[in-house]
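Student: any chance you can model this:
(one chain, ligands or ions: 1)
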Amino acid sequence: MDDVKQRCSRCLMPNSFPGISFNNDGICNQCLNFKGIEPLGENLLLRTLKSRKGVKYDCVVGISGGKDSCYVAYLAQEIYKLRTLAVFYESPFYCHLAREKYINNFSSD
Ligand SMILES: [Zn+2]
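Tutor: Take a look at the predicted model:
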């Protein structure tokens with residue numbers, strides 16, 4: 001059992017996390033120091049990706065075989081019409097079902 005006496009009231013990070021501290025409201029230093037990013041927008045991203053000349057692919061998508069990465073690859077390839085390189089790393093821990101899904105749904109290069 002870990003020795004959790006406090007968790008961040010915003011992100012639930014436990015006090016056992018190295019270097020963590022909490023303010024009086026129970027919010028951790030990780031949350032307090034987090035600086036979010038301002039999204040520049042889908043149109044600018046697509047314009048930037050499609051404007052590159054002399055490259056074989058517009059983007060690279062890492063495929064784990066899970067629904068999230070497959071959906072991103074689907075969006076890139078089918079919805080946004082990007083020249084997409086889907087990359088799958090066959091680690092010793094990969095799921096056989098994931099590999100089957102990868103091979104059945106993507107062409108390879
Ligand atoms: Zn937090």
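
Student: count of residues packed around N33?
Tutor: Residues near N33, counting by other Cβ atoms under 10 Å, number 7. Bear in mind the C-beta positions are built from the backbone N, C-alpha and C, glycine included.

Student: from the centre of this structure, point out the most distant residue.
Tutor: N24 (32.3 Å; Cα atoms, centre = their mean).

Student: helix, strand or coil for the residue most central in space within the chain?
Tutor: Centre of the chain computed as the mean C-alpha position; nearest residue by Cα atoms, centre = their mean is S69, 7.9 Å away. Applying DSSP: H, G, I helix; E, B strand; the rest coil to S69 yields a three-state assignment of helix.

Student: quick one: contacts for it?
Tutor: S69 makes contacts with V61, G62, I63, as judged by Cβ atoms under 8 Å, 6 or more residues apart in numbering.

Student: and these, which of them are in strands?
Tutor: Secondary structure from DSSP state E places V61, G62 of those in strands.

Student: could you turn the buried ones of the contacts of S69 into a PyMOL selection?
Tutor: Command for PyMOL that selects the buried part of those, burial taken from 16 or more other Cβ atoms under 10 Å:
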select buried, resi 61+63
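
Student: poorly predicted segments of this protein, please.
Tutor: Counting by pLDDT under 70, the chain contains low-confidence residues at 1-2, 98-109.
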